[in-house]
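Participant: this is a predicted model, with the sequence first.
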Amino acid sequence: MDFDHQSLVLFAKSWGLLYLMGFFLCVVLYAFWPSNRKRFDRAKNSILDRDDRP
Amino acid sequence: MISKLTYAERETAFAIALATLVGGLALGIAGRNDVLGWQGVIVVVFAIAVLRPLMSSYYEPPVAEDRKVTYYDDPTKVGIVLAMVWAVFGMFMGVWVASQLAWPELAFDGAWSSFGRLRPTHTTGVIFGFGGNALIATSFHVVQRTSRARLAGQISPWFVLFGYNLFCVLAVSGYLMGITQSKEYAEAEWYADLWLVIVWVTYFILYIGTIARRKEPHIYVANWYFMAFILVVAVLHIVNNLALPIAWGQAKSYTIWPGVQDAMVQWWYGHNAVAFFLTAGFLGMLYYYLPVRAQRPIFSYRLSILSFWGITFFYMWAGSHHLHYTALPHWVQTLGMTFSVMLLVPSWASAGNALLTLNGAWHRVRDDATLRFMMAAAVFYGLSTFEGSFMAIRPVNSLSHYTDWTVGHVHAGALGWVALITFGSIYTLVPALWKRERMYSATLVEVHFWLAIAGTLVYVFAMWNSGVIQGLMWRTYTGEGTLAYSFVDSLVAMYPYYIARAFGGLLFLVGVLVGCYNIWMTIASAPLAASEKTDAPLLPIAVPGE
Ligand code: HEM
Ligand code: HEM
């Protein structure tokens, strides 16, 4: 298959945008999904635990 | 260190070191008619240096240690020491090349000591030697603590650490002999590159393996950054270094990428080296050591996730801002420029997140120079990413490109961000690892802090001034439409700034030496009397279920 310059630009401008927006949406959903809140809260506090063993 | 290995593990270590020695011999013999032969000699010497201590304590009885209840910190300790050694070497070379720019006679008419050969020993020494060892050491520490699991290997961490340092030694010694691929930050030749692939893949497997063992349900965000660093650097390294040697017995190789594609691949690599080597890994440090030192959880965990994916996915497209006004298609340049400007958002989100974590603990920042190192790092991170996004705009780049402004930007990031966050992390880590109550001298940490800040500011301001003057002189026209200044005129104008930069660098280097002394004295001092808090295996605490 041979891409010419123009079709490559077109592809980047259309699908590239969709892909990035879609990706952004997934990340936002993950970060703000209500049931994830507990995990995140635990994770951010757990590193402050004092005991130093596995 | 060796006493903690079982006999079987010592055997494996011995086999690996021996195989390396044989490989070095083969390289030396194949390359006997080329400088490559000397690189083989270096591999052999390195392998012997590992084999000697291994053999001398080979039959000592293994120290019993319950691996279920202890972390594996020996590689981290050695990694920290190596990072500081490379810091001294790399920054000494930095001060030397900076002085050569002011006083060219400091090349002493040697081929090996010419600017072109010493400059990459500086960049490799600081980025890969200092930065890389610090990243490996801290990543081993952070992944174990945040996963509550021991490293997934007893020999592989050593292979990663020593193998990586062998790569650095090969690279730096090669430059002095005149070996180079002529790709910035990827100067090392094909044989060293192949070796690094093996080391790096081992690193990745080790890291993933440790995370797979984790007892925490969620993978803490610092690990995401470290994983992105390891994975992406592997991809970048392999793609950019695809090359064919002119013969198996020759150091010289040619890249498979032709013309402008080569330029694009190189700067896709180059910029992502900034993004994933000099940024992502160090953000991993920031997200662990800053909250731990401040004893406060990160301000917003969600924001840290958003900025992680933002940084990861934007940086990938930004590399073409290094190639403005070149043969690269215009739209690719525009793409790089756009993504560079967008990058400001996740970058400032990370910097802001770090500073807001400290909000409410400013008295700690005031009293504790270690925490202040990390705070200043976050500030410089914000500053240099703002500057970078600005310089990526094409018309701005037409002024800054080829000038010392770029060098100023680099060192605002490298000294202000990379080095400061590393020192903050190391000062947090050293007492914890060696089980001391604190660093040997808090005053010396304070002295180091101010030397580092003063050095960075002198360096960066000198380069900003010199860069903008240079850029303006090069584009000033006379009434007749000819250039008003010759190149030599601009060089003369740089002279005072080059002296100032060398002085700023010297301050920074002295700070590093103070840090080395302090770390050394901390290690040499008496350990805490059996501290139950950190040492004794407690019974597993029941954690409320998720
Ligand atoms: C003692 C402190 C330092 C001094 C005196 C110093 C000096 C220099 C000099 C003179 C150059 C060459 C500039 C030119 O070609 O015009 C340079 C380049 C560079 N240095 Fe440093 N440096 C220091 C610390 C560091 C550190 C800690 C890092 C990274 C963590 C670093 C990363 C770099 C990089 C990436 C370049 C290449 C810049 C480019 O190509 O635009 N330096 N440094
Ligand atoms: C949003 C983040 C950033 C952006 C958009 C950015 C952008 C840029 C731009 C436009 C250049 C000049 C390219 C040229 O004219 O040749 C540059 C050079 C450079 N930047 Fe950044 N920068 C960012 C952050 C950083 C950070 C945090 C560091 C270091 C820790 C860094 C290290 C470098 C280095 C080493 C170079 C010199 C490359 C070379 O020519 O050898 N950058 N950056």
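Facilitator: Right, received. Where do you want to start? Ligands and ions are numbered 1, 2, ... in the order given.
Participant: quick check: residue B:341 touching residue B:393?
Facilitator: Yes. Using C-beta atoms under 8 Å, residue B:341 is in contact with residue B:393, at 6.9 Å. Yep, even glycine has a C-beta here, placed from its N, CA and C like the rest.
Participant: any stretches of the chain with poor pLDDT?
Facilitator: Going with chain A. A:1 (pLDDT under 70).
Participant: could you do chain B instead?
Facilitator: Using pLDDT under 70, chain B drops low at B:529-546.
Participant: in the biggest helix by length in it, what counts as buried?
Facilitator: If you go by DSSP state H, chain B has its longest helix at helix B:487-524. Applying a neighbour-count criterion of 16 or more other C-beta atoms under 10 Å in any protein chain shown, one finds B:490, B:493-494, B:497-516, B:518-519, B:522-523 buried in helix B:487-524.
Participant: looking at chain A, which residue is nearest ligand 1?
Facilitator: Using C-beta to the nearest ligand atom, residue A:47 is the residue of chain A that sits closest to ligand 1, at 25.9 Å.
Participant: backbone phi and psi for that residue, please?
Facilitator: Phi and psi for residue A:47, reported as degrees, to the nearest 10, are phi -70, psi -10.
Participant: so who does it touch?
Facilitator: Taking C-beta atoms under 8 Å, 6 or more residues apart in numbering or on different chains, we find residue A:47 in contact with B:145-146, B:220, B:288, B:291-292, B:297.
Participant: could you pull up phi and psi at residue B:245?
Facilitator: Phi and psi for residue B:245, reported as degrees, to the nearest 10, are phi -70, psi 150.
Participant: for residue B:254, same thing?
Facilitator: Main-chain torsions, residue B:254, degrees, to the nearest 10: phi -120, psi 140.
Participant: for it, which residues are in contact?
Facilitator: Applying C-beta under 8 Å, 6+ apart, the residues contacting residue B:254 are B:243-244, B:246.
Participant: who does it bridge with?
Facilitator: Legend: beta-bridge partners of residue B:254 under DSSP bridges are residue B:244.
Participant: okay, now the residue of chain A found nearest ligand 2: neighbour count?
Facilitator: As assessed by C-beta to the nearest ligand atom, ligand 2 sits closest to residue A:20 within chain A, at 16.9 Å. Neighbour count of residue A:20, defined by other C-beta atoms under 10 Å in any protein chain shown: 15.
Participant: is chain B contacted by the helix or strand encompassing it?
Facilitator: Secondary structure assigned from DSSP states H and E places residue A:20 in helix A:5-32. Yes. Interface with chain B: helix A:5-32 contributes A:5, A:9, A:12, A:20, A:23-24, A:27-28, A:30-32 (C-beta under 8 Å from any C-beta of the partner chain).
Participant: which helices and strands sit right next to that helix?
Facilitator: Helix A:5-32 sits against helix B:301-315, helix B:330-342, with contacts defined as 3 or more C-beta pairs under 8 Å, 6 or more residues apart in numbering or on different chains; DSSP states H and E.
Participant: make TSV out of those and add distance to ligand 2 and mean neighbour count.
Facilitator: Supplementary listing: the helices and strands packed on helix A:5-32 in TSV, determined by distance: least, C-beta to the nearest ligand atom, whole Å; neighbours: other C-beta atoms under 10 Å in any protein chain shown:
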stretch	distance to ligand 2	mean neighbour count
helix B:301-315	8	21
helix B:330-342	4	18
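Participant: turn the ones you listed into CSV, columns for distance to residue B:236.
Facilitator: As requested, these are arranged in CSV below (distance: least, C-beta to C-beta, whole Å):
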stretch, distance to residue B:236
helix B:301-315, 11
helix B:330-342, 16
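Participant: of all the ones you listed, which one is nearest chain A?
Facilitator: Set against chain A and scored by C-beta to the nearest C-beta, those come closest in helix B:301-315, at 4.2 Å.
Participant: now do that closest one: distance to the chain's middle.
Facilitator: Averaging C-alpha positions (C-alpha atoms, centre = their mean, to the nearest Å) puts helix B:301-315 21 Å from its chain's average.
Participant: quick one: is it near chain A?
Facilitator: Yes. Contact between helix B:301-315 and chain A, assessed by C-beta under 8 Å from any C-beta, occurs at B:301-302, B:305-306, B:309, B:313.
Participant: out of those residues, who's near ligand 1?
Facilitator: For ligand 1, no contacts are drawn from the residues of helix B:301-315 next to chain A by C-beta under 6 Å from any ligand atom.
Participant: show the contacting residues for residue B:57.
Facilitator: Neighbouring residues of residue B:57 by C-beta under 8 Å, 6+ apart: B:2-3.
Participant: let me redo that: residue B:62
Facilitator: Here residue B:62 is in contact with B:3-7 (C-beta under 8 Å, 6+ apart).
Participant: again, only using 7 Å
Facilitator: Neighbouring residues of residue B:62 by C-beta atoms under 7 Å, 6 or more residues apart in numbering or on different chains: B:3, B:5-7.
Participant: buried ones among the residues of helix A:5-32 next to chain B?
Facilitator: For these, a burial check counting by 16+ other C-beta under 10 Å picks out A:9, A:27, A:31.
Participant: include distance to ligand 2 when you put these into TSV, please.
Facilitator: Formatted as TSV, those follow (distance: C-beta to the nearest ligand atom, whole Å):
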residue	distance to ligand 2
A:9	22
A:27	18
A:31	21
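Participant: got a markdown table for those, with distance to residue B:282 too?
Facilitator: Output for those, formatted as a markdown table (distance: C-beta to C-beta, whole Å):
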| residue | distance to residue B:282 |
| --- | --- |
| A:9 | 35 |
| A:27 | 22 |
| A:31 | 22 |
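Participant: and which of the contacts of residue B:62 is nearest to residue B:158?
Facilitator: When those are compared for distance to residue B:158 (C-beta to C-beta), residue B:5 wins out at 9.1 Å.
Participant: which strand or helix spans the residue in the stretch 1-150 of chain B positioned nearest to ligand 1?
Facilitator: Nearest residue of the stretch 1-150 of chain B to ligand 1: residue B:94, at 2.9 Å (C-beta to the nearest ligand atom). Element membership of residue B:94 [criterion: DSSP H and E] is helix B:74-102.
Participant: does that helix reach ligand 2?
Facilitator: No. Shown here: helix B:74-102 not in contact with ligand 2 (C-beta under 6 Å from any ligand atom), separated by at least 12.9 Å.
Participant: contact partners of the following helix or strand past that helix?
Facilitator: Scanning forward in sequence from helix B:74-102 by DSSP H and E, the next helix or strand is helix B:115-123. Applying C-beta under 7 Å, 6+ apart, the contact partners of helix B:115-123 are B:90, B:93-94, B:96-97, B:100, B:107, B:172, B:175-176, B:178, B:180, B:185, B:187.
Participant: then helix B:115-123 to PDB, C-alphas only?
Facilitator: Extracted C-alpha coordinates of helix B:115-123, given in PDB (Å, rounded to 0.1, in the frame of the first residue of the first chain):
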ATOM      1  CA  PHE B 115      35.500  19.700  23.100                       C
ATOM      2  CA  GLY B 116      33.800  17.300  20.600                       C
ATOM      3  CA  ARG B 117      34.900  14.300  22.600                       C
ATOM      4  CA  LEU B 118      34.500  15.600  26.100                       C
ATOM      5  CA  ARG B 119      31.000  17.100  25.600                       C
ATOM      6  CA  PRO B 120      29.300  13.700  25.200                       C
ATOM      7  CA  THR B 121      31.100  12.400  28.200                       C
ATOM      8  CA  HIS B 122      29.400  15.100  30.100                       C
ATOM      9  CA  THR B 123      25.900  14.500  28.700                       C
END
